[in-house]
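Novice: The following block contains a protein sequence and its predicted model.
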Amino acid sequence: MSMNLKAIEVEGLIDEQHQLQLCEPLPVTSPGRVRVIILIPDSADIEEGEWLHAATVNPAFDSLNDPAEDLYTLADGQPFND
């Protein structure tokens, strides 16, 4: 039996238990079997942009979107000119 396949690209992280954790929900409407291809960078170093992207889509930081977390405004403090 042949199966038509559709590719979906999402980013994820491999945790300490060697489990894949996706950084965002999959755009899929129903459960089912999938085939997974893992692309691992040659270097162990992750670029700053990749870390920032992972932090912006990680649900662990969702609480920072709460208006109660907005403690400061642009009028607070002094400019820092190095």
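Specialist: Thanks, I have it. The model shown is predicted, which means the values in this text are computed figures rather than measured ones.
Novice: and Trp51, what element?
Specialist: Using DSSP states H and E, Trp51 falls within helix 48-57.
Novice: Please spell out which residues along that helix are buried.
Specialist: By neighbour count with 16 or more other Cβ atoms under 10 Å, helix 48-57 contains the buried residues Ala54. Glycine gets a C-beta too; all of them are placed from N, C-alpha and C.
Novice: Might you calculate how far it sits from the centre of the chain?
Specialist: Put simply, helix 48-57 sits 6 Å off its chain's centre (Cα atoms, centre = their mean, to the nearest Å).
Novice: and what of stretch 12-20?
Specialist: Here the centre of stretch 12-20 is set off from its chain's centre by 13 Å, with Cα atoms, centre = their mean.
Novice: What mean pLDDT does it get?
Specialist: Here stretch 12-20 scores 90 as its mean pLDDT.
Novice: Now do the end-to-end distance for it.
Specialist: By Cα to Cα, to the nearest Å, the extent of stretch 12-20 from end to end equals 6 Å.
Novice: do stretch 39-52 as well
Specialist: Separation of the first and last residues of stretch 39-52 by Cα to Cα is 19 Å.
Novice: same check, this time on stretch 75-82
Specialist: End-to-end distance of stretch 75-82: 19 Å, with Cα to Cα as the criterion.
Novice: to the chain's geometric centre, what's the distance from that stretch?
Specialist: For stretch 75-82, the distance to the chain centre is 31 Å (Cα atoms, centre = their mean).
Novice: same question for that stretch, mean pLDDT?
Specialist: Rounded mean pLDDT across stretch 75-82 is 84.
Novice: What is the helix holding Trp51 packed up against?
Specialist: Of the remaining helices and strands, none touches helix 48-57 by 3 or more Cβ pairs under 8 Å, 6 or more residues apart in numbering; DSSP states H and E.
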